[in-house]
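Q: what would the 3D arrangement of this be:
(2 chains)
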Amino acid sequence: MFGFPSEPYKTYNRNFLKTVIFQVSFNNNNFLKNKKSDIIDLFKETFPRYNDSLAQGFEIKFKNPNETPVLQSIQNNAGIEMRSNDGQRVLTINDVSLSLTISGKVYKNFDLLKQDLSRIDKFFTLVGINKIIKVAIRKVNIIEFQNISDATGVLSYAITPELLSNLTYFPKSEGIKQNIHSVSYALDNYKLNLKYGLILPQGNNIGNGQIILDIDLINNEESNTSTIFEKATFINNQIFNIFNWAISKNFKDLLNG
Amino acid sequence: MDKELLLESKEDYIKAADYSKKSEKTCTESSRLFICKNPNIWVASLAAGAITLMPAEKTVARNFEFLDSNDETNVIERLMIYSDNISSVSDYVIELTDTILKTNNDKNTLVKEILSFKSLNNNWDGYGSYPLEVESASNALMLLDKFSEEIISKIIEVYPNPHGTVSMEWENSSKETLVLEIGNTSMSYFVEILGKETIYQNNKPFNATEINKLSDLISII
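A: Below is the predicted model of the structure:
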């Protein structure tokens, strides 16, 4: 699709995933106010901790130019937030999307995600939705390391050198506190946001630094709800290809551990 | 934005909303900034300033729409499209820190904060309070040493209590809470988790078993 080399999909023995987010979007049909309790019943076996999620914002109102406008905060129910017993998986549902966020601590492979969403077809039947407009998966990998004098060396260990060709060009690279790159693709009905690089704690070098590899792949094609897992599997495989392309050989050996 | 809602409204208003941080900040998509064709300079300035009123780490305004109710045709001209796909690195780092890493603070900052409570005078709250007791401070620092960095990073508040103890709080976006009070010889805490009864643990000793139990409860918040 984007030309990244394909590799046979596999699950590494270790991962540095911080969070995995799956999201599917659909057109608003205002189902939430009437179907909230039914939705909770549908998912509460897997996500027994549930609450309303709040929209936060503010509005400025004025009726005519001669009056002082009123600035006030608004808090409306924006959806449902449901958590697994261990709090490591969070399902968020509102009128336009369903998102599942899984902590890297418990994410083993894509099957776990599909397992958590095994009732998604029943959800769509319940709320009367048969078309989706977006499927997306985002995987954020974060490697923490104790801050050392030349963190760019650590970055080179994890990320393939071709992606970091500018590193040696900067003088006094030991002084670099942040080195984040952002690349976006848009091809056909797919959008890819790739962010990678280095963040170091500010100030007096106390604390951990982080190497980031953040891959966010989105399909924006309208399709039937029945295609969700087919699309999600394809996206997941593409993310795997991109991940393998982006990391160094040393790092692959570390993941195979 | 719900265009029907906007069209129904007869009032001039600017609405900025960040819907449910988790669902909004997962996958990026374009955001649009609309400004009326003939903006009132004061209002336009207010809108621009309003973005900076809210701390970036708490609210990111995604959509602005401005309707001039004096103009019956509801003229909205798109002046700028800014795509989250190429948002600034600083915005990304803030999002990463606030939403994904959730680093409220670090151990060093908390240690300083706890030590600062020792310098409070008697009656610091005006109602006969005591400054933080040495043993309580020592126990709090010991706990910070035992807690993982992830647990420490999620502490939302540390504060002294009038009777010489110190408290720490954790809270998640579902408003589930754990509040811990650390005293001279024991600790007490309660945990509020959705769908379950509140758990109260009083006068627990500072031993490995109880600290591990506490850590496990904090990690599910």
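
Q: all strands of chain A, in order?
A: A:17-25, A:49-62, A:70-83, A:89-93, A:97-103, A:131-132, A:134-146, A:178-187, A:190-199, A:208-219, A:223-224 (DSSP state E).

Q: need the winner for burial among these.
A: Most buried of these by mean neighbour count (mean count of other CB atoms under 10 Å in any protein chain shown) is strand A:89-93; its value is a mean of 25. Using the backbone N, CA and C atoms, a C-beta is placed for each residue, glycine as well.

Q: may I have it exported as CSV, CA atoms only?
A: Taking C-alpha atoms only, strand A:89-93 is exported to CSV below (Å, rounded to 0.1, in the frame of the first residue of the first chain):
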residue,chain,number,x,y,z
ARG,A,89,-8.5,-1.8,28.7
VAL,A,90,-10.9,1.0,28.2
LEU,A,91,-13.9,1.0,25.8
THR,A,92,-15.2,4.5,24.9
ILE,A,93,-18.5,4.8,23.0
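
Q: helices or strands next to it in the packing?
A: When contacts are defined as 3 or more CB pairs under 8 Å, 6 or more residues apart in numbering or on different chains; DSSP states H and E, strand A:89-93 sits against helix A:32-43, strand A:70-83, strand A:97-103, helix B:21-24.

Q: now do it against strand A:17-25, angle only.
A: Taking axes from the mean of the first three to the mean of the last three CA atoms, to 10 degrees, strand A:89-93 and strand A:17-25 form an angle of 20 degrees between their directions.

Q: what sits up against strand A:89-93?
A: A:32, A:39, A:43, A:46-47, A:53, A:79-84, A:98-103, A:106, A:116, A:123, B:20, B:22-23 (CB atoms under 8 Å, 6 or more residues apart in numbering or on different chains).

Q: partner strands of that strand, with direction?
A: Strand pairing for strand A:89-93, using DSSP bridges, gives strand A:70-83 (antiparallel), strand A:97-103 (antiparallel).

Q: related to what we said a few turns ago, same list, the strands of chain A, but as JSON lines with mean pLDDT please.
A: JSON lines is the format used below for those (pLDDT from 0 to 100):
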{"stretch": "strand A:17-25", "mean pLDDT": "95"}
{"stretch": "strand A:49-62", "mean pLDDT": "70"}
{"stretch": "strand A:70-83", "mean pLDDT": "73"}
{"stretch": "strand A:89-93", "mean pLDDT": "95"}
{"stretch": "strand A:97-103", "mean pLDDT": "94"}
{"stretch": "strand A:131-132", "mean pLDDT": "96"}
{"stretch": "strand A:134-146", "mean pLDDT": "91"}
{"stretch": "strand A:178-187", "mean pLDDT": "89"}
{"stretch": "strand A:190-199", "mean pLDDT": "91"}
{"stretch": "strand A:208-219", "mean pLDDT": "91"}
{"stretch": "strand A:223-224", "mean pLDDT": "96"}
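
Q: reformat these as TSV; add distance to B:Ser186.
A: Compiled in TSV, those are given as follows (distance: least, CB to CB, whole Å):
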stretch	distance to B:Ser186
strand A:17-25	35
strand A:49-62	29
strand A:70-83	30
strand A:89-93	33
strand A:97-103	31
strand A:131-132	54
strand A:134-146	33
strand A:178-187	44
strand A:190-199	39
strand A:208-219	32
strand A:223-224	59
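
Q: what pLDDT does the model give A:Ile133?
A: Note on A:Ile133: pLDDT of 96.

Q: contacting residues around it?
A: A:Ser25, A:Phe26, A:Asn27, A:Asn220, A:Glu222.

Q: can you rerun that using 10 Å?
A: By CB atoms under 10 Å, 6 or more residues apart in numbering or on different chains, the residues touching A:Ile133 are A:Val24, A:Ser25, A:Phe26, A:Asn27, A:Val96, A:Ser97, A:Asn219, A:Asn220, A:Glu221, A:Glu222, A:Ser223.

Q: for those residues, which one is nearest chain B?
A: Relative to chain B, the closest of these is A:Ser97; by CB to the nearest CB it sits at 5.2 Å.

Q: that closest one pairs with what?
A: A:Ser25.

Q: kindly report the same for the one 4 residues further on.
A: Under DSSP bridges, the beta-bridge partners of A:Thr101 are A:Ile21, A:Val90.

Q: does it really touch A:Leu17, like I thought?
A: No - counting by CB atoms under 10 Å, A:Thr101 does not reach A:Leu17; the two are 11.7 Å apart.

Q: which residues of the stretch 101-250 of chain A lie near chain B?
A: Counting by CB under 10 Å from any CB of the partner chain, the stretch 101-250 of chain A comes close to chain B at A:101, A:103-105, A:134-138, A:140, A:142, A:144, A:178-186, A:191-193, A:195, A:197, A:199, A:201, A:203-204, A:206-208, A:210, A:212, A:214, A:216-218, A:220.

Q: do a quick rundown of the helices in chain B.
A: Along chain B, the segments classed as helices by DSSP state H run B:3-8, B:21-24, B:41-53, B:89-95, B:107-117, B:134-146, B:149-153, B:208-219.

Q: pLDDT-wise, which helix or strand of chain B ranks last?
A: When each helix and strand of chain B is scored by mean pLDDT, DSSP states H and E, strand B:77-83 comes last, with a mean of 33.

Q: so who does B:Leu120 touch?
A: Contacts of B:Leu120 (CB under 10 Å, 6+ apart): B:Ser129, B:Tyr130, B:Pro131, B:Leu132, B:Pro160, B:Gly164.

Q: now it: how far from A:Lys172?
A: 44 Å (CB to CB, to the nearest Å).

Q: with B:Tyr159 instead?
A: Distance from B:Tyr159 to A:Lys172, by CB to CB: 42 Å.
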